[in-house]
Structures are given as structure tokens and as C-alpha cells.
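>>> From the sequence below, what's the structure:
(chains A, B, C and D)
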4 protein chains.
Amino acid sequence: MKLVHDPIHGGIELDDFAVRLVDTPEFQRLRRITQLGLAFLVYPSARHTRFEHSIGTFHIARLIRERNPEIDEGAVYAALLHDLGHYPFSHTLECLFPRHEENTKWLIKHGEIGDVLRERFSLREFFNLLKHPLVSGDIDSDRMDYLVRDAYYTGVSYGLVDLERLVRNLRWDGDRLILGEKGIMAGQNLLISRSMMYPTVYQHHTVRIAGAMLCKAVELEEVELEEIRDMDEVDLVAKLRTSEKEEVRELIGAIEDRRLYKRVIWSGEELDRGTIEELKTELEREFGHLALLDYPPKPHFEERNAFVEFNREIKRLSEVSPVVKALVEAKESNWRWGIYARTDLVERVKAFVSKKA
Amino acid sequence: MKLVHDPIHGGIELDDFAVRLVDTPEFQRLRRITQLGLAFLVYPSARHTRFEHSIGTFHIARLIRERNPEIDEGAVYAALLHDLGHYPFSHTLECLFPRHEENTKWLIKHGEIGDVLRERFSLREFFNLLKHPLVSGDIDSDRMDYLVRDAYYTGVSYGLVDLERLVRNLRWDGDRLILGEKGIMAGQNLLISRSMMYPTVYQHHTVRIAGAMLCKAVELEEVELEEIRDMDEVDLVAKLRTSEKEEVRELIGAIEDRRLYKRVIWSGEELDRGTIEELKTELEREFGHLALLDYPPKPHFEERNAFVEFNREIKRLSEVSPVVKALVEAKESNWRWGIYARTDLVERVKAFVSKKA
Amino acid sequence: MKLVHDPIHGGIELDDFAVRLVDTPEFQRLRRITQLGLAFLVYPSARHTRFEHSIGTFHIARLIRERNPEIDEGAVYAALLHDLGHYPFSHTLECLFPRHEENTKWLIKHGEIGDVLRERFSLREFFNLLKHPLVSGDIDSDRMDYLVRDAYYTGVSYGLVDLERLVRNLRWDGDRLILGEKGIMAGQNLLISRSMMYPTVYQHHTVRIAGAMLCKAVELEEVELEEIRDMDEVDLVAKLRTSEKEEVRELIGAIEDRRLYKRVIWSGEELDRGTIEELKTELEREFGHLALLDYPPKPHFEERNAFVEFNREIKRLSEVSPVVKALVEAKESNWRWGIYARTDLVERVKAFVSKKA
Amino acid sequence: MKLVHDPIHGGIELDDFAVRLVDTPEFQRLRRITQLGLAFLVYPSARHTRFEHSIGTFHIARLIRERNPEIDEGAVYAALLHDLGHYPFSHTLECLFPRHEENTKWLIKHGEIGDVLRERFSLREFFNLLKHPLVSGDIDSDRMDYLVRDAYYTGVSYGLVDLERLVRNLRWDGDRLILGEKGIMAGQNLLISRSMMYPTVYQHHTVRIAGAMLCKAVELEEVELEEIRDMDEVDLVAKLRTSEKEEVRELIGAIEDRRLYKRVIWSGEELDRGTIEELKTELEREFGHLALLDYPPKPHFEERNAFVEFNREIKRLSEVSPVVKALVEAKESNWRWGIYARTDLVERVKAFVSKKA
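Residues are numbered from 1 along each chain as shown, chains lettered A, B, ... in the order given. Got it, this is the predicted structure:
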């Protein structure tokens, strides 16, 4: 048994198997993957990593399982490893590479951590556990940790979630986590918190701009999937800093010195696929790496499996809470795409784009 | 004017001159210098950087100056830049290089940030301000920020300091900051907090071990002062990882995967200089980089300039508070030197050392 | 100037005029009026009073005015006195007496505090200030204080509001407080917080039951408006305890020993006025003070004056935030009326009521 | 089982036996005994009661016992009831009546709560448990709750104590609670916190003055021990307000409107018993209830049973911690006696006293 100190949860006890998982190079690498990627450019104190978050998620998962011992114990270790595959700067590089969930599996298959896991699980079994509602639902241990943690490190109060009340009122029915009536308000609060953290932190336009610049740098550097899979942030940044391409060195330098591009366009109106491609190509031809189109996929926010017990019936949270219903329906209202350009080019890019439109 | 979000102080306003200082590469580099060096190996969440701390120190300095406008305004900018010269992993490498205060001056002299400063100050004048009581006393803006911040990020509660009461009761008498009677308890609390953070966080034996390993790696790599001066943690780690020397790669790998050496000796008894040198040489000859002697200088904790006003007289805090007196007198009781070795060699090193003694 | 210590806002400075207002018996009486009335029966730690809340409201009002000096200074003192007229146990007795706003005016007119006020204001002028948007809007200093304070004292986290961001982004346009774009999320958060505190704390069914019992006791005791106007909780409780009527002594004893009635009916379906009156009369005839009908007015939650600036236009917050829109529309969903009875009578009352229906 | 919401500890579970104890009139009376007596005159928000504190103490006691099941289970209920006998305004009236510990036993012997207890304990056995180290040592559940709670409600940060680390490191050796090495710093912190809360909160001179005024009022009213034993604050205040003696009504009115006496003398120099009596008599003869001598017993702060395990030996904390040693030795330095008088008489009383001296 080992004790990990954490400002969110206090002392977290790791059992021997968890210690062995944590002590692998694959897991230690998470110490060098920041939880919020480039958000520190807006919230300088947001330097926490996937390492602490993973351990915090494990802790919450175990608390829930203590009250619901019928939950497969493996799901608690899945909670610990659910973010193993994140690339440097977390979600940022998912613009170029498969989602981190895929990489989690790859690292488990090919790393020391897989050897530890195989002593207790078949990998196939474990990969299924990574989709367990304890780890990957609308009200799960992952969200319960990251909302509170991100709030703590950014200082943005919206993420505050009543962890205790959630843990106390979640009940496993063999298939699903059901939130008891006394936890409904806390569940609603969790979903609201998440919706408020999105525009304020996760999708803050400055973070988006820095992210688009980093994606461009990595793209120009032609970093391969095989290479990025087990890179940490030191590896990636060092590689970009010493790139042979001047554009790459310029981009990473601009990010690090916080000389960020500015918004030329910031819009919630959808474009069709053809227009997007065309715009992208033309911007590239005309401005190279100095103007960037950032057209993210629309978020899938629909509340799918937040089940609650209300008047002795199992319902979806959105049926019971008009606010959650509004959230689900309004989801896309905060979605935006943008075009960004180096400060001195903003006007020229604006003119260029408006001529095209 | 610019607003920086901070979980400790809320929104911090930077005036235009501060913004220009912050926007230099020298200052932005502080984003990649962790405040507590390798303490994250014990407190994983302690990933905050000198960047946030510097801005927090500036903020407190300004709050104190708002109530004491006779304080030289430059001291507030000195508060902002007081930690500019920290090497990668903060104090860790002061085993090999001059204290960071020297490097602060060097970076100012040779960097863009010096150009900004020269618009308002002669450098000589500014270097004097770096020793101003507002920045560098027993009760100063530096400590007031770091104690609270380190407590927040480690989750160790001992650092909690009554910032508001201190700010409200500090009075500038032309030469010194004097703490009014209503602030004495808060001042005592600050000094106690500091004394408790030392063994718990700053000098935690695991942090000391990792630090000794890093010092060894940097020493073996023969990194020069000229090179380290403006390195950040990415530079240094990348350099060590790609060293041509196997020992260096081994050491940095062991730190990063948290396979740390263990204590062979951990003692509070002083050795004379000759014995230390001899022991060091022999350990090195016998075990190379696998056994390390860590003999830090004794701390200078004496309370020199915590002045308070008590019954209308100016006194030292230690004259008024028996607890502070006890702290000052007991200072060294937590001082320790150690010998550390790779886990598999602990017994052999122990035998070797006891034979020598 | 005087400093008041407050766990929410830290040290609050009272100017001389505020001190003189606070030092009147009318204001000191607020120390003996609990902020949340009988909510301590559910949240035992909720023992805070209108006194602290009034001073906290004054503090926030002053912070907003510091950034908007065109706001009438009197509005800040109106913030201080806005709750002066609360009866013992705050809103509880508004079942029997005029709203506390009326009593605030009465106490000012007839108390020492009016003499202090008259030195700077005509009372007519001051009564108008009590309706100033700084004190009495959808996003005002009153709510900003009580949500955070009630959250702090109950331990219910939903009330956490980003005070700093609100204060920083509220702008006075001569008529209204307008929330700037960077404050919209914080404004939304305040309205959500309020909507969540209602069912969880303010309208918790146990609090409602105790409130109905107290109303009955005061009604039976035939306490007159003239008498209640300047009573504090000691006066009222002592009076009820020593009542000549056994029912009154029984009721107050049951509240104080927490032997509370139980719900017979708890429903969101409206009744028409006639049915209500009839039910009330019959319950009273049959069960006297042992069964109580509690039919509160429907809440007026509509967001009327939460103005925001969005894309350089002034809009209502509900136009900009789908969640606030949902809140406004869903308002009544938490409204409930109830019939409560002494534990041993619950079944009999249930039978009686269902026979009537 | 029942859940009590608490801002300090979150949800506290009460087992059935605890619920039955809490549901007696003797325990519910604690809701009307403020934890810090008249301290709300300095810290207006300090309105918490012995009720919450008792439940919090029970909670901590149970947490410690969960890790040390050999501790007598009864000690946990002793933790719940340890403060049952407090008089109105807690320690204030111990100037006139026996210590509250005596009254706790009396109430148990004569109240309903005794009947509940007798089902599981002989009263003699239970009275012994009230002195159990879990409840009544230097590092016990009582202090661990009240320091944190009083800090929370006053906003004075000095009381913050690392509850988790203490609970985790306390070990029962059959006779004593021993603090393990990893808890030493937390134990030291607890004792320091206590020493700082004394002058700042518990013995704040304004609180002392109000207390002396209340003692005088109760003395003049000739309230008997038999009467005060089960009074709550409503009973006492109502009695004093309606006293037939004008002096009594004056005193309670002055306390409630915060027109407090001022210090004439405030000194740390001891007087002999004869001088004290003489001074008291003469002041009384000359000024009646308008000048008060307040000469409290010297505090017994010595650290008697804070045992720690250090290098595998059991020691006293003061042997291991120089700061605690300093605290123990310096104890009396904050002790003060005072003479207070109505504001308009301060000068006359000062003259009178100096003539006597």
C-alpha cells in the first residue's frame, strides 16, 4: 500500500497492484502530459497533469465501488488507466492523430504495463472495462475528478461538484450507475459545471489558437503516429525546437513566448465540407503557416446515460431536470470555428477571406 | 492593463509596464521552471511554476505598496523579477552553480527584459531594488506568496498564511517594513508555516534524493554555467536524455520513472570538511554515480528583520514571540545530510561506509 | 473606520456613517435574526444571521460602486439596511405578516436608525434607494452575498458564485447594472445557483414543516403586528414557551426538540382558492393545530432585469443563455404545497383528506 | 442511520444509538448554546453551537476508532456527549458555576438522555469514558473538531489543522493515543493553532469584557445553579431582559446593543489573593456594576499527554518539537487580568484605582 498526497482528495491509498501499474514507464510518462494542454497560456496555474487526474479518477471509482461491491473490480483499474494514451498536450493533437483511447490500448499492448495487467486480466477483457460506466458515462469517476481538479487549478469556480453527494447516491444496478433521488441536484450540477467549463476553459479561444498553431507545427514536422505514441511533452517540444524547418521553430517559439495568432474569423455558422477544404487549401497556398483554419467537429454533448431514480422510476436526468434538458438541446450554441493569423497579417487575411466568400 | 487568473489571489491586474516585462522570452521561460523542482515526485500535484509565483509576488507587493505609497515603485517590479534567474528545477542545481540571484542579474543584463527595464531604471538601481525589504526580508511578498501557493498545490495545509492581515498591518517606515500589533500573530504564523513546510515539502528526503541524482547527472554531463543560464526544463531534460554518457541517461531515466535511490545514511551530525571530501572521493571511486553524498549547507534561518511594533516600540518578532524565538534557536534541528544509493547497492554501500567510519 | 471580520469577504471596512447605523439597536437586533430561519433543523450549522449578511451585502455594493462611482452613494447604505425589517426566523412569518420590506420602512421611521439616516437623506429618498438595482435586481449585492454565505454555512456547494468576476464586470449605465460579456457565465452561474439552493435549502420540506408549525404557534398566540415588528428570536421564543395556551407550548416545544410533523400530502398540483379555504377549515375543525395546510404562493422567479452586453448589444440574460431561459420557464417545477400532521396522526389525516377529495 | 450535513466534515452518519441520544431534549438544547459564547461580538459570524461541535467530535472519534477498533466503543458516544453540560454562552458563566463537566454528569443523571445511555452503559462506566484520551487529551477529537470549526466560523485561519493526517497517524496502545512519526508535524501544528486561537479569539479582550458584564448580570440576578443547569440562551437572556433589577436590564441591554465597557487596566502582572479581593470590594462599593474586575485563573496549558513515536521510542511531543516546548514554557505570556468600566467612567475608575495602588 502506498499513500499519494492530493490537494483534491487528501491522502489516496494505492493498493499493491495499483502501485505496480503506476510504477511502469508508461504511467510515469503521464507526469509529463499536462491535463489541459495549452490552457496554461490563459490560466498559468493550470499545470496539473494526467498523472494526478488518473490517480484521482481511480480514487473516486474505488469510493463508488466500496458502496457497490458488485461492480467488477477491474473497472477501478480501468479508471486508473483510462487516460494512459494521451498525446503530449492532451486533446490538442487529436486534430492529427486517432483519439487517445486508441493509443491507450496500443500502449497497453506494447508496454510494460501490459505485462502487469496480464497477470490479472486478459487484455480483451480489460479493453472492455475501459468502456465501463464507472469510467465512461455521463456521470462517471473521470468527470467527477477532472471538473473539480480543473476548477482547482484554473481558479474557475464553475467546476465545483458535490463529489460526496454523488458518491453517496450512485447505485449499480448490474448494468448502469443510477443516481438516487437525493443525488439528482448534484448530478444536474455536474452537467452544468461541465457545460460552463467548456467555453471558459477547455474551448477558450486563446487555447484554441495556440492549439491550432501546435497542430500546424507537428503537421509540418511530419511527426508520425508511431513516433508520437509514447512521446511526452519534453520529447515533442525538444523535437520542434530543433526542427530543420524554420516554420516549425517559429511556431513553437511563438507558442512558448506567447506571441499568439489573433482571430480573423470566429463564427458559429456551419460550412459544408467542400468549402472548408477549399478555404483551407487557399489559405495555405497564400499564407502558409501564418494563417490557420480551425474547424473542430461539433461536440457530442447529448446526455445518453445519466440515469436517475425519481419517484421509484428510472429516468434520464434530462427528463427530470429542465435545465439539463436545455443543456442537451443547446449544446452546439457554444461551438465555434475560427481562422487565425499572425498579428501583422490579420487585416490581409481578413481581406483575402472576405473576397473569397 | 491585463488580467491574469490565479487560484490564490483571483484576478491579478498587470499594468502596461508589467505586461511588457512579462512578455519577454526571459520571463516566459519561467513557465517552464517548476516552483518546487522535483517535489512533484512526492506531491504529484506540485507542478506550479516560477511564472505564477512571480506574478503572485508582484501582486502582494503592490497591495502592500498601495497602503504605503512611499515605497519605491520599482520595488514592485523587483518583486515581479526576483526569481527570473532560477535554473531548471529551481533550487536543485544550486549545488553546482551560483545562487539564482546572480543569474537573475545576468539575464537582465543580457536579455530583452533588460532593454525594457532600462526605460525606467538604471540596472544598478534595479539590482539594489532586488534586495528591497518588500521582496527580500523575513516577512516579504515573496514568502507570502510561496507559502500559500506551495500549500495550495501540494495540499499540505501548513503553509496557510493570513495574507490579508499581513498586508493590512505592514507599515513602511522609510527603511523597513514594520508589522503592527494586530499583525503580530499573523507574522508569527508565517514564520511557523515556513518552518513546517521545510521538512514536510522542501527538504523531504525523497526530494533530496532525486535532487542529488539530478545534480550528479548534470555534473557528469559537464553542463557549463554559460549553457544553463537560460535553459528551461525542456532543454535540460532533453539534453540529459540524449547524453552520450550512459550514466547520465540512466540517472535521468531513473528520476523520470521514479526509480529513486534509497537512503544509506540520514544524519544530523556534522562532519568536518576533510571527512566530507574524503568520503565523497571514496564513494565515487568505489560506486561511481550509484552512491551519492548529499551534504547541504546548514540553513540560515535566523530571523533578521521581522520588525514589529509592540506597545509603541519597534522590536524584533523573536523578542515578542517565544515561539519564534524557539524557531530561531532550533533552526538546525531539521538539518540532515545523507548518503543515497541505488536500491540494489544499499547494503554494500552501508558496509563500505561503516568500514570507513 | 472599523474593521469587521468575515469568513466570506475577509476584513470588511465600515466607514463612520456605516458604523453609526450598525451601532443602533435596530441594526444590532439583526444579530438575533437567523438568516435561514428554521433551516438549522436540517443544516445544523446554518446559524448565521441577518447581521453578517447585511454587512456582506454592504461590502459587495461598495465594491461595485468603487468601479461605478456614478451610482448614488446612498444605495450602498440601502444595501446595508435592506433586511432591517426581517421578523424572527426571517421569511418564516411572512405567512402572517406583511413582507419584511414594509417592516424595514416602519423600523426606520420609528427607530433611532431613522435619526441617523435623516442626517444625510430624506426618508422618502432612502426608501426609493431600497429598490435600487444595486440592492434589488436579479444580479445584485444581496443575492451575491446570500448565495455564497448560505452555501458556506450549510455546506451545500451549489451556492458558490464567482463574486470577483461579477463585481469586475458589472457596469452602471445610469439606470441599470449591465453585466459585460466576460461576466455572462458568472451571471448564469448565479441564477443557476439560486435555483439549486431553493429546493435543497430554502424550500427543503423539513424546513417548510417546521415553518408551518411556527406560523401556527404564532397565529394561535395571536401575536400582533405591532408587537412582532421589533421582536427578536429571543423575544418570540420566550413568549411562545410561556404561552398560556397548551397548543402553543406544544408547538414550540416540538420545534425545539425536533419532533416535527410529517408530510401527509406533498404535491405540485394547484388547487383553487375555494378548495384551499375549505380544506384548511375542515382540517382545523377536525385536528386543530395537529394537522397543517401549507399552501405557499407560487414563486415569481422570472428573470426581469439581468441585463448583459453581448456583441455590443444590451440583452436579457435569458436571451443569451439557453440554460437561464430554461430556468425561467421551468420555475414552478419545484413548487409544492403540503399537508403535515403529528406523526401519530398521519394515517388518520391521510384518510380524512382522501375522503374529502 | 441518519445523515447530518456539516460544512466541515461533509455528511456525518449517525448510527441508531447516536440518533436516539441526539433526539433527547438535553442534546437538542445544545442547538441553543453558542460554541464561542459572546465571541460573536468580535466575530459576528461565529454563531455556531455546541450541537454541531458535538456531532463533529463524535465523527472524528469514530474515524480514529475505525483505525483502532480496540478502543472502547463507548468512548465514541462520550465524544458525542462531552459538552452536554455547557451553560448558556459556553465557558462564560464558569466564573460563577462549577465547570461544565460537572453539569454534563448532572444532566445525564437527571435527564431523558440518561435513560437512553443506561440501556448500554452503567452511568459510572460512562462518566469514566468522558475522561478517555479519545475525548480529553492534548490531541483528541474534541480539539480536532473545535479548532477547525472555530477557524471556519470566525474566518481566523490559525485553527486549520490537518485532520486527515492526524486521524491516519493516531494509534491506540491500550492506554494512550500515540501519534506516529508521520503525524508529528500535524500534532505540533494542532498545538500551535490552539495557542494562536487563544489570544485571537477565545481570550480576545472584547470577548472578555462582554463576558465579565454577563457574569455580573447573572450574579446580580442571583440565578441559582439549580436553575441554570438546563437553561438555554433564550431562557437566560429572556430572564435577564425582564429582571426586576435595573442594573441587570442595563447590563444585558448593553451587551446586546454592543455598548461594551472599556479597559481601564489590562495587565499580565499577578496580584495576590488579598489584593484582588480588596480591589473587587472597593470597586463594587464605589461603582457598583459599572466597573468590573476580571481576574481569571492562569491557564493550565502544559502538554501532558501528547505522545509521539519517534525513532521507535514513545516520547512527549515537547521532547521532540522545540516549538511545542517553547509553547509549553511560554504559556502564561498571554494571560491578562483586567478592570473594565462603562465608557463615561473610564477616567474616574482609572484615577480611583491608581490612588489605591
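>>> Is chain B within reach of stretch A:52-69?
Yes - judged by C-beta under 8 Å from any C-beta of the partner chain, stretch A:52-69 and chain B are in contact via A:Glu52, A:Ile55. Just so you know, the C-beta spots here come from the backbone N, C-alpha and C atoms, and that holds for glycine as well.
>>> quick one: buried residues of that stretch?
A:52-65 (16 or more other C-beta atoms under 10 Å in any protein chain shown).
>>> Which of those sits closest to chain B?
A:Glu52 (4.8 Å; C-beta to the nearest C-beta).
>>> any idea of the pLDDT on that closest one?
A:Glu52 carries a pLDDT value of 98.
>>> The one 3 residues further on now?
We note a pLDDT of 98 for A:Ile55 in this prediction.
>>> That one reaches A:Gly11, doesn't it?
No - look at A:Ile55 against A:Gly11 with C-beta atoms under 8 Å: they stay out of range, at 11.3 Å.
>>> which residues do these two both contact?
Here A:Ile55 and A:Gly11 have A:Val4 as joint contacts, going by C-beta atoms under 8 Å, 6 or more residues apart in numbering or on different chains.
>>> any idea how far A:Trp337 is from the residue nearest to the spatial centre of chain A?
Using C-alpha atoms, centre = their mean, the residue of chain A that lies closest to the mean C-alpha position is A:His91, 5.3 Å off. Going from A:His91 to A:Trp337 by C-beta to C-beta, to the nearest Å gives 16 Å.
>>> could you measure the residue lying closest to A:Trp337 once chain neighbours are set aside against chain D, distance?
Using C-beta to C-beta, 6 or more residues apart in numbering or on different chains and skipping the chain neighbours, the partner closest in space to A:Trp337 is A:Tyr295 (4.3 Å). Distance, A:Tyr295 to chain D, using C-beta to the nearest C-beta, to the nearest Å: 44 Å.
>>> Count the neighbours of A:Tyr295 for me.
When neighbours are counted by other C-beta atoms under 10 Å in any protein chain shown, A:Tyr295 registers 18.
>>> how about it, what does it touch?
A:Leu271, A:Ile276, A:Trp337.
>>> at 10 Å what do you get?
A:95, A:212, A:270-271, A:273, A:275-277, A:279-280, A:336-339 (C-beta atoms under 10 Å, 6 or more residues apart in numbering or on different chains).
>>> same check, this time on A:Ile314
A:Ile314 touches A:Asp173, A:Arg176, A:Ile178, A:Leu179, A:Phe307, A:Val308, counting by C-beta under 10 Å, 6+ apart.
>>> same question for stretch A:306-318, mean pLDDT?
Computed over stretch A:306-318, the mean pLDDT rounds to 91.
>>> Stretch A:278-289 now?
Rounded mean pLDDT across stretch A:278-289 is 96.
>>> buried ones in it?
Those would be A:Leu279, A:Leu283, A:Phe287, A:His289, for stretch A:278-289 by 16+ other C-beta under 10 Å.
>>> And for stretch A:30-46?
Within stretch A:30-46, the residues scored as buried using 16+ other C-beta under 10 Å are A:30-46.
>>> Name the spans of chain A whose pLDDT lies under the cut-off.
Chain A contains residues with pLDDT under 70 at A:300-303, A:331-333, A:357.
>>> hang on, the earlier thing: write a PyMOL command that selects only the buried members of the contacts of A:Ile314.
This is the PyMOL syntax for the buried subset of the contacts of A:Ile314, where burial follows 16+ other C-beta under 10 Å:
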select buried, chain A and resi 178+179+307+308
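>>> In helices only, show me the contacts of A:Ile314.
Taking DSSP state H, every one of the contacts of A:Ile314 sits outside helices.
>>> tell me which parts of the stretch 1-150 of chain A are close to chain C?
Counting by C-beta under 10 Å from any C-beta of the partner chain, the stretch 1-150 of chain A comes close to chain C at no residue.
>>> residues near A:Leu129, how many?
By the criterion of other C-beta under 10 Å, A:Leu129 has 22 neighbours.
>>> same question but for A:Leu80, I mixed them up
24.
>>> repeat for A:Arg99
A:Arg99 has 12 nearby residues by other C-beta under 10 Å.
>>> Next, please give the residue ranges for the strands of the stretch 201-350 of chain A.
Using DSSP state E, counting those that start in this stretch, the strands of the stretch 201-350 of chain A run over residues A:262-267, A:291-294, A:307-310, A:313-316, A:337-341.
>>> export those strands to TSV and tack on distance to A:Leu191?
Shown next, in TSV, are those (distance: least, C-beta to C-beta, whole Å):
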stretch	distance to A:Leu191
strand A:262-267	26
strand A:291-294	26
strand A:307-310	11
strand A:313-316	11
strand A:337-341	25
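>>> how near is the residue in the stretch 201-350 of chain A positioned nearest to chain D to B:Ala212?
With C-beta to the nearest C-beta, the shortest gap between the stretch 201-350 of chain A and chain D falls at A:Glu309, namely 17.3 Å. Per C-beta to C-beta, A:Glu309 is found 56 Å from B:Ala212.
>>> residues contacting A:Ile255?
When contacts are counted by C-beta under 10 Å, 6+ apart, A:Ile255 touches A:38, A:41, A:89, A:209-211, A:213-214, A:217, A:237, A:240, A:261, B:28.
>>> make that A:Tyr158, sorry
A:147, A:150-151, A:192-198, A:200-201, C:160, C:162, C:185-186, C:188-189, C:192.
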